[in-house]
Structure formats: C-alpha cells, structure tokens
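Novice: Below is the structure, and that's it, no one-letter string:
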C-alpha cells in the first residue's frame, strides 16, 4: 500500500478510521462492561502502524508490558522453587541446595 501513491491516502484513512473507532469503543467500555483498556491499546496499536504520534503514545504500554513480563517470570520461578521445596519436605528429603530454597 505504501508503494503505490494512489493507495497511500485511502489506506491511511482506512487505518485511521478503524483505529479511532476501536479507541472510541474502548472509551465506551470504560463506563460499560467490556475490555476498555485492551480496546484502547488495540486501537492505538492499529493507529501506530501509520501514525507516528500513536507510536509514541504506545511507548509507555510497551515499557509496562516488558516490566510485567519480567515480573511474571520472577514470580513464576519463585513459585516453582517454593513448590519443589514443599514437595521435598513432604517426602522427608533435605532442601535442594541448587534451588536456593532453604
């Protein structure tokens, strides 16, 4: 779409309309039952494919998502270590020194 000059403007209008509509639906979902934040983020993601300002607005969401991913992995690893330690103690085995669980 970007290489053909006659299709560039209609494509941007289509993407802008679709993204804006999804963002507005997300705002409606803030006051009615529905996935408000997810809809707004999806709409901004669609808009960010064509518009630089939307790409800049998505930066905090990307940073937060990376942080949440790291935090989730840490919590999962901690949970797995604690679970293994409990299983070992139920079996009457000493704590595993490799896991760091004492």
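Specialist: Received it, and whenever you're ready, just let me know what you need. Source: prediction; values computed, not measured. Numbers count the residues shown, from 1 in each chain.

Novice: residues touching residue 40, list them.
Specialist: Shown in contact with residue 40 (CB atoms under 8 Å, 6 or more residues apart in numbering): 22-23, 26-27. Quick note: C-beta positions are derived from backbone N, CA and C, even for glycine.

Novice: Weed out the non-buried ones from these.
Specialist: Neighbour-count burial within the contacts of residue 40 applies to 22-23, 26; the criterion is 16 or more other CB atoms under 10 Å.

Novice: Low-confidence ranges, this structure, go.
Specialist: Applying pLDDT under 70 to the chain picks out residues 1-2, 99-102.

Novice: where's the closest residue to residue 21 other than its chain neighbours relative to residue 62, distance?
Specialist: Take residue 21 and drop its neighbours on the chain: the residue closest to it by CB to CB, 6 or more residues apart in numbering is residue 43, 7.4 Å away. As judged by CB to CB, to the nearest Å, residue 43 and residue 62 stand 15 Å apart.

Novice: Isn't the residue nearest to residue 21 up against residue 17?
Specialist: No: look at residue 43 against residue 17 with CB atoms under 8 Å: they stay out of range, at 10.8 Å.

Novice: and residue 49, backbone torsions?
Specialist: When read as degrees, to the nearest 10, the backbone of residue 49 gives phi -70, psi -20.

Novice: show me what contacts it?
Specialist: Counting by CB under 8 Å, 6+ apart, residue 49 touches residue 15.

Novice: circling back to that earlier point, secondary structure class for the residue nearest to residue 21?
Specialist: Secondary structure assignment for residue 43 (DSSP: H, G, I helix; E, B strand; the rest coil): helix.

Novice: So for residue 43 and residue 17, which residue has more residues nearby?
Specialist: residue 43 (21 against 10; other CB atoms under 10 Å).
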